[in-house]
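Visitor: quick one, structure for this:
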Amino acid sequence: MKQMLHTWMASKEVAEKLDLHVRTLRNWLDLFVPTSQRQKNPQGHYLISTDGFTLLQEAKKRKDSGNSSLKEIQRDMLEEGILPVEILDNEVAANGETQVSGSKALPSQPLTNALREVEITVQDTLLQFQKEISQLSTLPQLQASILEKIAEIEEKQEALRLEMRRVTFEMDLMHQRLTRRKQRSNRYESRWSLNPFRWFTRSNNHSVISE
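Guide: Numbers count the residues shown, from 1 in each chain. Predicted coordinates:
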């Protein structure tokens, strides 16, 4: 038990140490922490290993020291061998959380990917904004006002996440309905093709028309 306490850190603690919002941290996990270095507790909150926390620290340091996007930082850390290649599987898994598996998810895949790119771009902008605001310590009132705006942006980001899930669900439901309709149509055509009197019936109809 002690080993677990020393090995794993709660997402809230990690977010505080990195000066990130908890919702922002969730997307950082997909970009910088392999699934083997994080897990969910029964309450649905993430636990991050010390190795995973080290990777997040490195990503945060690079973000604070330059203007690179999160995607660019991820690519650099991959090229330098700091991040394992398996990290690329995280994004696939993250998209899968809002979709059903298999071919049913295909209609919503492009939309999900596009919304996720927008979400990451919003985070990049938000972090850059926070970095600039932190330099305005001589203007505390302005800083407080802008921080309120940042909180609003984060709320909209969460709303975007929920909307993405709703749209994905509706598209998947539509796909299921179309699939069932096609299956019913195929069964009807199959029964008609197996009817031994179909040609006789057509012949009689033709005779009646001719008369």
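Visitor: domain parsing for this structure?
Guide: Listed domain ranges for the chain are 9-87, 119-192 (source: the TED database).
Visitor: end-to-end on the first one?
Guide: Yep, that's domain 9-87 we're talking about. 20 Å (Cα to Cα, to the nearest Å).
Visitor: quick one on the thing from earlier: need the winner for burial among the domains of the chain.
Guide: Greatest average neighbour count among these goes to domain 9-87 (a mean of 16), per mean count of other Cβ atoms under 10 Å. No exception for glycine: its C-beta is placed from N, CA and C like everyone else's.
Visitor: quick check: mean pLDDT of that one?
Guide: Domain 9-87 shows a mean pLDDT of 89.
Visitor: who are the packing partners of the biggest helix by length in the chain?
Guide: For the chain, the longest helix by residue count, based on DSSP state H, is helix 140-193. Counting contacts by 3 or more Cβ pairs under 8 Å, 6 or more residues apart in numbering; DSSP states H and E, helix 140-193 is packed against helix 22-32, helix 109-133.
Visitor: what's the angle from that helix to helix 22-32?
Guide: 60 degrees (axes from the mean of the first three to the mean of the last three Cα atoms, to 10 degrees).
Visitor: and helix 140-193, what's its mean pLDDT?
Guide: 80.
Visitor: residue 121 is in contact with residue 70, correct?
Guide: No. The pair formed by residue 70 and residue 121 falls short of the contact definition of Cβ atoms under 8 Å, at 9.0 Å.
Visitor: which strand or helix spans the residue lying closest to residue 39 once chain neighbours are set aside?
Guide: Excluding the flanking residues, the one nearest residue 39 by Cβ to Cβ, 6 or more residues apart in numbering is residue 47, at 5.3 Å. Using DSSP states H and E, residue 47 falls within strand 46-49.
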